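Student: Predicted model follows, preceded by the sequence.
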Amino acid sequence: MQFCGQHRKITTKYLLFLLSGQTVFSTFNNHTGKTEGMNEHHRENTIIRMFHVYKRYGAKNALVDISIDVRKNEMLLVTGPSGAGKSTLLKLLYLGEPVSEGQILIEGINLSRISNKRIPFLRRKFGIIFQDYKLIPTKTVFDNIAMVLEVTGESFRFIQKKVSSVLRTVGMEGKLNAFPPSLSGGEQQRVAVARAVVGDPKIILADEPTGSLDSESASIIMGLLKGFHDRGTTVIIATHDHEIIRKTKGRALYLKEGSIQSEDVKPTKKRPITI
Ligand SMILES: Nc1ncnc2c1ncn2[C@@H]1O[C@H](COP(=O)(O)OP(=O)(O)OP(=O)(O)O)[C@@H](O)[C@H]1O
Ligand SMILES: [Mg+2]
């Protein structure tokens, strides 16, 4: 499907995948960024909307016509083989890459219209975890985490309290002054999780968070992510780890060659929000 021009009103029917399995048709207005005819309750409970999103790298289609809604406090797994587009999907959400075509709304904010000034505010909605941790090796554990709060101008007293608190949550309070290279992979990833959540993000994006870990460390990291989900955070995990897919309750999207091939829902403990 081709869309051209910012001002063209899109009246294409948009298929909403709801946890209830219900199918709802509504109309997305490209001009206002609003969804017309969309149930008000559903709109309020949707934190991310992707509408006919395409991502191309040259001639390569990394993502093809992706339309999904993610509900507030959903646990969503993005699965599929290597090269399927999992990391690309996450990158588009946090503005790591621009979309080639289509629209993404984060809490109603249309990413294709956001001004440069507002990008940092948008990014603060996300806590991001990578397979390779991406900690700064020359900074202590404390400083790696504190950096997130320093840019928002928090007081040192607040930062000290907050960093200590998240380190306790991930069981790394004893390593405040350690440097990342002296930690195991599992420990580094726990610090990376602490860094991701210290700013109280609404959405955690985790790209193969257990990809470099042994099974024990992997289950600690997954336990932490499930804990944040239980406390109300929306969690999106890109993974091809079958153990994680098998054990994690929530919705799993299966990507293949950039397209959504299937969707599988395992009910979470908490009752999903339905329209
Ligand atoms: N910066 C880039 N430049 C060119 N092509 C890219 C770029 N990033 C991704 N691609 C291509 O887009 C496709 C999707 O890549 P992506 O990294 O999203 O896959 P993935 O599902 O995360 O794979 P993996 O499981 O190996 O991490 C691949 O064919 C990849 O080669
Ligand atoms: Mg990837």
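Tutor: The structure has been received and is ready for your questions. Ligands and ions are numbered 1, 2, ... in the order given.

Student: can you list the residues of the stretch 51-200 of the chain near ligand 2?
Tutor: By the criterion of C-beta under 5 Å from the ion, the positions of the stretch 51-200 of the chain lying close to ligand 2 are 86-87. Every C-beta, even on glycine, is put in place using the N, C-alpha and C of the backbone.

Student: State whether Val191 is indeed within a strand.
Tutor: No: counting by DSSP: H, G, I helix; E, B strand; the rest coil, one finds Val191 to be helix, located in no strand.

Student: That one contacts Tyr133, doesn't it?
Tutor: Yes: in this structure, Val191 sits in contact with Tyr133. The criterion is C-beta atoms under 8 Å, and the distance is 7.4 Å.

Student: just the helices in this protein please.
Tutor: If you assign secondary structure with DSSP state H, the helices in the chain sit at 40-44, 86-93, 119-123, 141-150, 156-169, 185-197, 215-230, 242-247.

Student: Return the set of buried residues in the last one.
Tutor: With burial defined by 16 or more other C-beta atoms under 10 Å, the residues of helix 242-247 counted as buried are 244-245.

Student: Kindly report the same for the longest one.
Tutor: Buried positions in helix 215-230, judged by neighbour count with 16+ other C-beta under 10 Å: 217-222, 224-226, 228-229.

Student: and if you look at the fifth one?
Tutor: Within helix 156-169, the residues that count as buried by 16+ other C-beta under 10 Å are 159, 162-163, 166-167, 169.

Student: Quick check: Ile47 vs Tyr133, distance?
Tutor: In this structure, Ile47 lies at 26 Å from Tyr133, with C-beta to C-beta, to the nearest Å as the measure.

Student: who touches stretch 237-247?
Tutor: 75-82, 86-87, 89-90, 205-211, 215, 218, 222, 225, 248, 252 (C-beta atoms under 8 Å, 6 or more residues apart in numbering).

Student: These also near ligand 1: which ones?
Tutor: With the criterion set as C-beta under 6 Å from any ligand atom, the members of the contacts of stretch 237-247 near ligand 1 are 80, 82, 86-87.

Student: May I see those residues organised as TSV, with pLDDT and neighbour count added?
Tutor: Converted to TSV, these look like this (pLDDT from 0 to 100; neighbours: other C-beta atoms under 10 Å):
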residue	pLDDT	neighbour count
Gly80	95	23
Ser82	95	7
Lys86	97	24
Ser87	97	20
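
Student: Sweet, I'm off.
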